[in-house]
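Participant: what's the 3D shape of this:
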Amino acid sequence: MTGRAPDWLLRQLPHGMLAEDFFVRFVSIFQAQAETLLQHADNLPHLADPDLTPPAMVREMGRWLGLEGIDASYPEAAQRQILRTASATLQWRGTLAGLRRLVELYSDGPVRVSESGGVFAEGEAPDDVAWVVVETASTGPLSEADLVALVLDEIPAHVHAEVRVAGRVVWPQQAQEHESELAS
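Facilitator: As a prediction, this is how the structure comes out:
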């Protein structure tokens with residue numbers, strides 16, 4: 001609540017007009033309308049606060065950070081946590097730590113990330129292709145396809161990825177199909 005009195009606009013009328021019921025009722029209409037606008041203005045500082053902003057704004061702020069979208073079907077607390085984690089890990093995007101933290105958020109459990117990357121002097125980089133393996137026990141609220149899409153969106157395009165959920169290879173699909181054939 002602000003420091004405004006409930007009759008802030010009426011108080012600005014000349015004393016003689018306050019005695020007239022018509023003027024008081026007439027100005028009260030404008031005061032009610034102005035109060036709505038002032039409430040919006042009073043709330044502006046809180047609009048970008050992930051803990052206070054409306055859920056629709058949480059999802060919009062996620063888009064500002066590069067998230068395709070935060071699923072509106074997730075519980076409100078989860079949507080806010082996704083936004084906070086995305087903003088905290090934005091500086092780590094494309095790194096092992098950033099990928100691990102983001103997948104942990106969605107899978108709601110520990111994640112193991114292995115990779116071939118590193119910093120090498122010119123001419124000393126290995127000849128094999130860059131790779132990353134992401135292992136988690138669960139996909140959390142995501143489908144396996146959505147988890148794979150999340151991982152692929154977070155790693156550089158030239159890096160080969162493998163995603164394992166509960167010990168099963170779910171990406172690349174050829175490996176998954178090959179495992180099914182071997183099990184048959």
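Participant: How is the chain partitioned into domains?
Facilitator: Per automatic domain parsing, the structural domains of the chain span 10-46, 102-183.
Participant: and the longest one, how far from the chain's centre?
Facilitator: Taking C-alpha atoms, centre = their mean, to the nearest Å, the mean C-alpha location of domain 102-183 is offset from the chain mean by 21 Å.
Participant: count of residues packed around Phe26?
Facilitator: A count of nearby residues for Phe26, using other C-beta atoms under 10 Å, gives 12. (Glycine included, C-beta is placed from N, CA and C.)
Participant: Which elements pack onto the stretch of helix or strand it belongs to?
Facilitator: Using DSSP states H and E, Phe26 falls within helix 21-43. On a contact count with 3 or more C-beta pairs under 8 Å, 6 or more residues apart in numbering; DSSP states H and E, helix 21-43 meets helix 15-18.
Participant: Quick check, central residue of this protein?
Facilitator: The centre of the chain sits closest to Leu83, judged by C-alpha atoms, centre = their mean, with a distance of 2.8 Å.
Participant: Please identify the buried residues of the helix holding Phe26?
Facilitator: Buried residues in helix 21-43, defined by neighbour count with 16 or more other C-beta atoms under 10 Å: Val27, Gln31.
Participant: Convert the C-alpha atoms of that helix to CSV, please.
Facilitator: Extracted as CSV, the C-alpha positions of helix 21-43 are listed here (Å, rounded to 0.1, in the frame of the first residue of the first chain):
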residue,chain,number,x,y,z
ASP,A,21,-22.8,15.9,-3.4
PHE,A,22,-22.8,16.0,-7.2
PHE,A,23,-19.2,17.1,-7.4
VAL,A,24,-18.1,14.6,-4.8
ARG,A,25,-19.8,11.7,-6.7
PHE,A,26,-18.5,13.0,-10.1
VAL,A,27,-14.9,13.3,-9.0
SER,A,28,-15.1,9.9,-7.2
ILE,A,29,-15.7,8.2,-10.6
PHE,A,30,-12.3,9.6,-11.8
GLN,A,31,-10.6,8.7,-8.5
ALA,A,32,-11.7,5.1,-8.9
GLN,A,33,-10.3,4.9,-12.4
ALA,A,34,-7.1,6.7,-11.5
GLU,A,35,-6.6,4.3,-8.5
THR,A,36,-6.5,1.4,-11.0
LEU,A,37,-3.8,3.1,-13.0
LEU,A,38,-1.8,4.0,-9.9
GLN,A,39,-2.0,0.4,-8.6
HIS,A,40,-0.4,-0.7,-11.9
ALA,A,41,2.3,1.9,-11.6
ASP,A,42,2.9,0.9,-8.0
ASN,A,43,3.4,-2.7,-9.1
